[in-house]
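Q: Need a 3D model of the sequence below.
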Amino acid sequence: MASSSDARFSTRWTLILSVLGIAVGTGNIWRFPRIAASTSGESGAGAFLVAWVMFLFLWSIPLIIAEYAIGRKGRMGVVGSYVQMAGEKRGWMGGFIGVVTTAIMFYYAVVAGWCLFYFWEALSSPLPLSNEAAQAGWDAFQSGGTPLIVHALAMGAGTLAVWKGISSIERVNRVLVPALLGILVVALIRTFTLPGAWEGIAFLFTPEWSLLADPRLWLEALTQNAWDTGAGWGLILTYGAYMQARHGVVSNALITGIGNNIVSLMAAVIIFGTVFAVLGTDMSQGQVLDVMQTSGPAGTGLTFIWMPQLFEQMAFGRPLAMLFFLGLAFAALSSLISMIELATRSFVDAGVRRSTAVGWVAGLGFLLGIPSAVNLNIFANQDFVWGVGLLISGALVALAVIIYGPRAFRTETMGHGGEINPGTTWDALITYFIPLQAVIVLGWWIYQSVFVFAPDTWFNPLDPFSLMTCLLQWGLAGIVLWALNDRYVSRMMERAPSS
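A: Numbers count the residues shown, from 1 in each chain. As a prediction, the model looks like this:
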């Protein structure tokens with residue numbers, strides 16, 4: 001069997017499918033439509049889309065390029081490749097990127113479990129006829145032990161997919177990702193045929209330009225684009241370690257980023273079109289929008305409470321509900337697989353046998369996901385803390401390139417063999433614009449947290465949406481990683497592949 005440092009994706013096609021599996025997840029289908037709705041004005045959500053597309057090219061694609069290149073150059077996981085870029089004393093920074101993504105994995109597996117459950121419900125039980133019935137079904141699901149069971153199933157499925165490394169990961173993604181895209185196309189075509197759907201689609205794309213003056217919209221657009229594309233998570237870096245040397249960095253990054261955002265727009269069209277088509281007959285536009293903006297804790301209600309009953313009210317709704325939740329489950333699992341692989345590779349790089357590492361990650365993933373599975377307030381807190389933490393992760397990826405030298409790094413890793421050379425534009429984006437965006441958006445968020453969002457509780461770490469809960473959790477992670485840095489890095493670098 002090939003060692004981890006020797007393993008490669010068999011073809012560029014499977015690499016692209018697997019990375020799209022990272023990018024195309026519940027962030028596109030579950031998160032993106034509700035964020036677009038929550039940032040919309042009375043006229044439409046188009047202003048958010050403008051900011052979101054801007055950040056695709058100013059934040060996500062430059063970071064995706066960096067991650068592909070860092071992973072291919074380092075041929076290790078997120079910590080090992082980071083050390084080779086930024087030096088051994090800064091390994092803990094790569095570790096922080098890994099911790100942010102692994103912390104997301106704990107509650108992301110919970111969401112994947114919800115998707116599996118609702119697919120089974122759509123397959124085996126009648127869809128709810130009213131909001132009360134849908135809410136009762138959700139409450140009954142959350143109050144029992146089922147969330148723990150489906151959380152375990154999701155972690156188990158992801159674990160099996162990574163058990164044999166990149167060979168099993170690409171086999172699974174050959175099925176999951178094309179099936180997911182096919183399901184979305186079918187759902188999209190059905191949405192176009194619904195009476196009233198075009199009103200929702202028009203609302204989605206209609207800009208209310210005054211909203212661009214609201215800093216919150218820009219924060220949501222940046223964090224959502226990071227969620228959407230997987231930029232700055234270290235996941236693409238991890239898969240980049242397995243890409244063949246002849247596979248281009250920049251072209252892959254463009255395919256990944258643009259392809260992902262197209263899928264997000266497809267999902268938003270499906271959700272907005274369906275909600276407006278079904279609810280628009282009995283509600284005003286403002287009431288429909290209110291449903292989309294205030295749908296349950298942590299935004300769970302739109303997908304898991306409203307969508308089942310909306311499917312029940314349309315022709316051929318039952319098969320469409322089955323396809324919708326199957327697609328959502330596939331999206332969740334393809335992304336979860338990459339998160340499990342990131343954590344697993346970090347253990348393997350330190351000398352742990354792969355089977356042992358996978359077992360540890362599976363066990364810890366289940367145990368540390370239990371709080372989010374049994375308590376939606378904890379779930380919402382973790383989504384808040386580590387979702388904002390992605391801004392720090394993205395800045396740390398850029399920092400590694402800055403320390404190494406953007407021009408030297410680009411010359412070594414990009415533009416060879418007829419591949420695209422991003423030129424000095426990329427150098428400037430990584431060196432100046434990525435850090436500037438992170439500082440401005442985080443600074444604004446801190447100011448708002450202290451003076452606007454929670455002026456009386458921002459210092460309370462037990463408040464689930466306070467500034468202090470973020471600083472405490474980020475700080476504890478950073479201190480532990482810094483303390484373990486020398487010991488971990490020394491063990492890891494003994495096994496680093498020769499350059």
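Q: which strands and helices sit next to the helix or strand that contains residue 410?
A: Using DSSP states H and E, residue 410 sits within helix 406-413. Contacts defined by 3 or more C-beta pairs under 8 Å, 6 or more residues apart in numbering; DSSP states H and E place helix 406-413 against helix 61-74, helix 423-428. Just so you know, the C-beta spots here come from the backbone N, C-alpha and C atoms, and that holds for glycine as well.
Q: So what's the gap between the longest one and the chain middle?
A: Distance of helix 61-74 from its chain centroid, counting by C-alpha atoms, centre = their mean, to the nearest Å, is 17 Å.
Q: Tabulate the CA atom coordinates of it in PDB.
A: Below are the C-alpha coordinates for helix 61-74, written out as PDB (Å, rounded to 0.1, in the frame of the first residue of the first chain):
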ATOM      1  CA  ILE A  61     -10.600  32.000  -5.100                       C
ATOM      2  CA  PRO A  62      -7.300  33.600  -4.000                       C
ATOM      3  CA  LEU A  63      -7.400  31.400  -0.900                       C
ATOM      4  CA  ILE A  64      -8.400  28.300  -2.900                       C
ATOM      5  CA  ILE A  65      -5.500  28.800  -5.200                       C
ATOM      6  CA  ALA A  66      -3.200  29.100  -2.100                       C
ATOM      7  CA  GLU A  67      -4.600  25.900  -0.600                       C
ATOM      8  CA  TYR A  68      -4.200  23.800  -3.700                       C
ATOM      9  CA  ALA A  69      -0.600  25.000  -4.100                       C
ATOM     10  CA  ILE A  70       0.400  24.700  -0.500                       C
ATOM     11  CA  GLY A  71      -1.000  21.100  -0.300                       C
ATOM     12  CA  ARG A  72       0.600  20.000  -3.600                       C
ATOM     13  CA  LYS A  73       3.900  21.500  -2.500                       C
ATOM     14  CA  GLY A  74       3.900  20.200   1.100                       C
END
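Q: Helix or strand next in line after it, which one?
A: Sequence-wise, the next helix or strand downstream of helix 61-74 (DSSP H and E) is helix 78-86.
Q: repeat for the last one
A: From helix 423-428 onward toward the C-terminus, using DSSP H and E, the following helix or strand is helix 434-448.
Q: now for that next one, which elements pack on it?
A: helix 215-229, helix 376-404.
Q: Determine the angle, from 0 to 180 degrees, between it and helix 61-74.
A: Computed by axes from the mean of the first three to the mean of the last three C-alpha atoms, to 10 degrees, the angle separating helix 434-448 from helix 61-74 equals 120 degrees.
Q: which other helices and strands contact the helix or strand in which residue 169 is found?
A: Following DSSP H and E, the helix or strand that holds residue 169 is helix 166-192. If contacts are counted by 3+ C-beta pairs under 8 Å, 6+ apart, helix 166-192 sits against helix 12-23, helix 146-162, helix 249-279, helix 317-349.
Q: Mind giving me the packing neighbours of the helix or strand where residue 112 lies?
A: Taking DSSP H and E as the definition, one finds residue 112 inside helix 91-124. Packing partners of helix 91-124 (3+ C-beta pairs under 8 Å, 6+ apart): helix 26, helix 78-86, helix 146-162, helix 307-312, helix 317-349, helix 354-374, helix 376-404, helix 467-493.
Q: Indicate which one of the ones you listed is closest to residue 105.
A: For residue 105, the closest of the helices and strands packed on helix 91-124 is helix 317-349, at 3.8 Å, according to C-beta to C-beta.
Q: picking up where we left off before, I'd like the average pLDDT over the helix holding residue 112.
A: If you average the pLDDT over helix 91-124, you get 95.
Q: quick one: buried residues of that helix?
A: For helix 91-124, burial by neighbour count (16 or more other C-beta atoms under 10 Å) applies to 91-122.
Q: quick revisit: highest average neighbour count across the helices and strands packed on helix 434-448?
A: Using mean count of other C-beta atoms under 10 Å, the stretch among those with the largest mean neighbour count is helix 215-229, at a mean of 23.
Q: Centre of the chain to that helix, how far?
A: 11 Å.
Q: Flag every buried residue along stretch 141-155.
A: 141, 142, 146, 147, 148, 150, 151, 152, 154, 155.
Q: One more: stretch 45-56?
A: In terms of neighbour count (16+ other C-beta under 10 Å), stretch 45-56 has its buried residues at 45, 46, 47, 48, 49, 51, 52, 55, 56.
Q: Now flag whichever of those residues is closest to residue 271.
A: Distances from residue 271 to the buried residues of stretch 45-56, taken by C-beta to C-beta, are shortest for residue 45, at 11.2 Å.
Q: distance between the ends of stretch 17-30?
A: End-to-end span of stretch 17-30 (C-alpha to C-alpha, to the nearest Å): 20 Å.
Q: and it, what's its mean pLDDT?
A: 83.
Q: any low-confidence regions in the protein?
A: By pLDDT under 70, the low-scoring segments of the chain are 1-5, 294-301, 498-499.
Q: Now do the SS call for the most far-flung residue of the chain relative to its centre.
A: The centre of the chain is farthest from one residue, residue 282, which by C-alpha atoms, centre = their mean lies 34.5 Å away. Put simply, residue 282 is coil when judged by DSSP: H, G, I helix; E, B strand; the rest coil.
Q: what's the spacing between it and residue 130?
A: Distance, residue 282 to residue 130, using C-beta to C-beta, to the nearest Å: 12 Å.
Q: With residue 122 instead?
A: Residue 122 is 17 Å from residue 130, by C-beta to C-beta.
Q: How about residue 209?
A: From residue 209 over to residue 130 the distance is 38 Å, taken as C-beta to C-beta.
Q: related to what we said a few turns ago, TSV please, covering the helices and strands packed on helix 91-124 and showing distance to residue 197.
A: TSV is the format used below for those (distance: least, C-beta to C-beta, whole Å):
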stretch	distance to residue 197
helix 26	22
helix 78-86	42
helix 146-162	31
helix 307-312	11
helix 317-349	13
helix 354-374	34
helix 376-404	29
helix 467-493	39
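Q: Out of these, flag the one nearest residue 424.
A: helix 376-404 (13.5 Å).
Q: Residue 41 sits in which helix or strand?
A: Applying DSSP H and E, one finds residue 41 in no helix or strand.
Q: Residue 47 is in contact with that one, correct?
A: Yes. Under the criterion of C-beta atoms under 8 Å, residue 41 makes contact with residue 47 at 7.0 Å.
Q: Residues that sit against both of these two, list them.
A: 208, 210, 211 (C-beta atoms under 8 Å, 6 or more residues apart in numbering).
Q: wait, isn't the last one in contact with residue 48?
A: Yes. In this structure, residue 211 sits in contact with residue 48. The criterion is C-beta under 8 Å, and the distance is 7.3 Å.
Q: Identify the contacts common to those two.
A: Joint contacts of residue 211 and residue 48 (C-beta under 8 Å, 6+ apart) are 39, 40, 217.
Q: From those, pick the one nearest residue 171.
A: Looking across the shared contacts of residue 211 and residue 48 and measuring by C-beta to C-beta, the closest to residue 171 is residue 39, at 38.8 Å.
Q: Contacts only, for the residue nearest in space to the middle of the chain.
A: The centroid of the chain falls nearest to residue 227 when counting by C-alpha atoms, centre = their mean (3.8 Å). For residue 227, the contacting residues are 27, 31, 32, 387, 390, by C-beta under 8 Å, 6+ apart.
Q: And these, which two are furthest apart?
A: The largest separation in these, counting by C-beta to C-beta, is between 32 and 390 at 14.6 Å.
Q: Thank you kindly, that will do.
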